[in-house]
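[1] Sequence isn't available, so here's the structure alone:
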RNA sequence: UGGGGUGUCGCCAAGCGGUAAGGCACAGGACUUUGACUCCUGCAUUCCCAGGUUCGAAUCCUGGCACCCCAGCCA
């Protein structure tokens, strides 16, 4: 085997082969989104595949709007797409390119095709076209217009362009083979009449090229060497090649190579369903943190490093693969862990009175458990604090490493406290804990006389900052059934902790420009776009991993 | 159903005729002022199935099976 042969990435291997064989001497790839929707994790995956190839071979990467359908596309989407790609940090040469800019050349190529006798104008209606096409098992039938003369075809095509015929009246079709077992080759439509304003070319055109005709030529015009796409297009490859070969084009001809689609457990990426969720108001918008859109993931606090790390690890499947979300979350934690500070926030506060404490003192606590460069901060501790309701149990189960009557725990960065008394309201609900602290056990003092049951986080009452914390869970109860999407929704995908309290240090972090941090024991959070100076709002990016398994009884 | 594509651990995934990498998840254990992090350990005698070729097969051949894609004037 060649020592340079790239393993584990068949596309890279193919490209290298092309380079070594001299078929090409450089690499150009492209990502061709249609500006009719927002980018999502699957888009990032596709972008990464094409982009990483140009990184590997010092090539060029184009971001091309695949805008050949005037009825569906909009400038709003190109702006959104550009913003998302910019966020990913992928370099596409500064400016996106537009497939619609090649309309004139595409038209000329079509004229060429007609002159070569390889395309004809067909008057069949949509319904007739379908009938003539045949089925998967039966061959199609030649169009009665297939034998028109080149002159007549030319004349008709020009008149189609000039708007002489109504929408759908005629099409330009390739003359290939109506009996081909590959449906794409049964004289496919190349151009259709669409009198519709195009967001970019305006009203200049009455005819628009179809994807199968436009794509290979757009690639060719841009000098794309390797056109990488998902394998739903394998059946289209013969047509892609037919278009290029039929034109006898000089120079490098692009080569299409397919890769498998990416699915993630519990996540839906199809535009249609994403649109449904937004339209039905199931989510707050395209940037809802529960959505796998790039905007959603960005708002949720996923970093581009985490996303690329994840993509790097899953590789390039040849066929559709469904990766466990846990893998994505793992990379998010891995990335955040080293770069965000750690503060304390109590999501569901339970009041604790420290009976033997009457002053408020400042404790110095480190901002990161491993990295000293994050420095330390002053955290107040006084006679009244709040702890997490879940960190107290009147009747603790086995192995409960938190607070319980008569039990002693350590307050992170502070002292040991012992629960002496439990105060309940009329309904028997615990509303307050009376605890005593041991001054000898101050953090860092080296006290080792006793071992506390565990360490919990807390927030001092007088300086506590109220905030809203949003916890997210998967949108669907299980692997979503796309046909019954709204029925498989997880009703608890968003949990709002409206009465959360965070330590003053959190505001300091925000003031210092750090909008992402770990809330000790609760996970990684990001200040939400809904947050204001009056009302802080945090979104949980991802929870911490936990090996704690509550016992059944 | 005609054609095309794909089948290696629960999930991704290496492997390219020489005797099954790695990651996630999971299960134990160490450490721990986060039940986090980190660190150990375990986790496919077997590669969709059945035959065949070979000293030797996940890799080659034959035949099955399963799943996915294609019948838009969408992309």
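    Received the coordinates, thanks. Computed from a predicted model, the values in this text were never measured in an experiment. Numbers count the residues shown, from 1 in each chain, chains lettered A, B, ... in the order given.

[2] for RNA strand B, what are the nearby residues on the stretch 101-250 of chain A?
    A:124-126, A:129-130, A:133, A:135-137, A:167-171, A:181-184, A:188-189, A:192-194, A:208, A:210-212, A:231-236 (Cβ under 7 Å from any atom of the strand). Yep, even glycine has a C-beta here, placed from its N, CA and C like the rest.

[3] Centre of the chain to the helix or strand of chain A with the lowest mean pLDDT, how far?
    Scoring the helices and strands of chain A by mean pLDDT, DSSP states H and E places helix A:271-279 at the bottom, with a mean of 91. The chain centre lies 15 Å from the centre of helix A:271-279; the measure is Cα atoms, centre = their mean, to the nearest Å.

[4] Packing partners of the following helix or strand past it?
    For helix A:271-279, the following helix or strand on the C-terminal side (DSSP states H and E) is helix A:294-300. Other helices and strands packing on helix A:294-300, by 3 or more Cβ pairs under 8 Å, 6 or more residues apart in numbering; DSSP states H and E, are helix A:41-56, helix A:75-88, strand A:536-542.

[5] In contact with the residue located most distally from the centre of chain A, which residues?
    Within chain A, the residue lying farthest from the chain centre (Cα atoms, centre = their mean) is residue A:356, at 51.6 Å. Residue A:356 makes contacts with A:436-437, as judged by Cβ atoms under 8 Å, 6 or more residues apart in numbering.

[6] you'd agree residue A:291 is up against residue A:277?
    Yes - look at residue A:291 against residue A:277 with Cβ atoms under 8 Å: they come within range, at 7.2 Å.

[7] any common contacting residues for those two?
    Joint contacts of residue A:291 and residue A:277 (Cβ under 8 Å, 6+ apart) are A:283, A:475.

[8] Need the per-residue pLDDT for the nearest residue to residue A:411 once chain neighbours are set aside.
    Using Cβ to Cβ, 6 or more residues apart in numbering and skipping the chain neighbours, the partner closest in space to residue A:411 is residue A:458 (5.0 Å). Note on residue A:458: pLDDT of 98.

[9] Can you get me a residue count around residue A:458?
    By other Cβ atoms under 10 Å, the residues close to residue A:458 number 27.

[10] Pretty sure residue A:112 sits in a strand.
    No - applying DSSP: H, G, I helix; E, B strand; the rest coil, one finds residue A:112 to be helix, outside a strand.

[11] which non-adjacent residue is nearest the closest residue to RNA strand B within the stretch 401-550 of chain A?
    Of the residues in the stretch 401-550 of chain A, the one nearest RNA strand B is residue A:443, at a distance of 2.5 Å by Cβ to the nearest atom of the strand. Spatial nearest neighbour of residue A:443, excluding adjacent residues (Cβ to Cβ, 6+ apart): residue A:413 at 5.0 Å.

[12] any idea how far residue A:62 is from the residue nearest to residue A:411?
    Going from residue A:458 to residue A:62 by Cβ to Cβ, to the nearest Å gives 54 Å.

[13] One more: residue A:504?
    49 Å.

[14] what about these two, which has more around it?
    residue A:62 (21 against 16).

[15] could you list every residue that touches that one?
    Residue A:62 neighbours (Cβ under 8 Å, 6+ apart): A:28-31, A:92-93, A:96-97, A:222, A:224.

[16] Okay, and it sits in which element?
    Residue A:62 belongs to strand A:60-65 when assigned by DSSP H and E.

[17] Does that strand reach RNA strand B?
    No - residues of strand A:60-65 are not located near RNA strand B by Cβ under 7 Å from any atom of the strand, the shortest gap being 9.0 Å.

[18] neighbouring strands for that strand, and are they parallel or not?
    According to DSSP bridges, strand A:60-65 forms sheet pairs with strand A:28-31 (parallel), strand A:97-98 (parallel).

[19] and it, how far from the chain's centre?
    That offset, for strand A:60-65, works out to 19 Å (Cα atoms, centre = their mean).

[20] Go through it and flag the buried ones.
    By 16 or more other Cβ atoms under 10 Å, the buried positions in strand A:60-65 come out as A:60-65.

[21] And for stretch A:412-421?
    A:412-419.

[22] Those residues: which ones sit near RNA strand B?
    Answer for the buried residues of stretch A:412-421 near RNA strand B (Cβ under 7 Å from any atom of the strand): A:412-413.

[23] Now intersect the buried residues of stretch A:412-421 with the strands, please.
    Among the buried residues of stretch A:412-421, the members found in strands (DSSP state E) are A:416-419.

[24] Most widely separated two among the residues you listed?
    A:416 and A:419 (11.1 Å; Cβ to Cβ).

[25] who touches both of the two?
    With Cβ under 8 Å, 6+ apart as the test, residue A:416 and residue A:419 both reach residue A:408.

[26] quick one: low-confidence ranges for the stretch 401-550 of chain A?
    Per-residue confidence for the stretch 401-550 of chain A (pLDDT under 70) gives these ranges: A:478, A:550.

[27] can you pull out the strands in it?
    A:408-411, A:416-424, A:430-438, A:455-456, A:458-460, A:465-472, A:494-502, A:516-519, A:523-527, A:536-542 (DSSP state E, counting those that start in this stretch).

[28] Would you mind finding the most buried of those strands?
    Greatest average neighbour count among the strands of the stretch 401-550 of chain A goes to strand A:458-460 (a mean of 26), per mean count of other Cβ atoms under 10 Å.

[29] burial count for the closest residue to residue A:529 other than its chain neighbours?
    In this structure, residue A:529 finds its nearest non-sequential neighbour in residue A:299, 5.9 Å apart by Cβ to Cβ, 6+ apart. Residues near residue A:299, counting by other Cβ under 10 Å, number 23.

[30] ok, now residue A:462?
    Neighbour tally, residue A:462, other Cβ under 10 Å: 10.

[31] measure it to residue A:431 for me?
    Counting by Cβ to Cβ, the gap from residue A:462 to residue A:431 is 19 Å.

[32] repeat for residue A:279
    Taking Cβ to Cβ, one finds residue A:279 at 43 Å from residue A:431.
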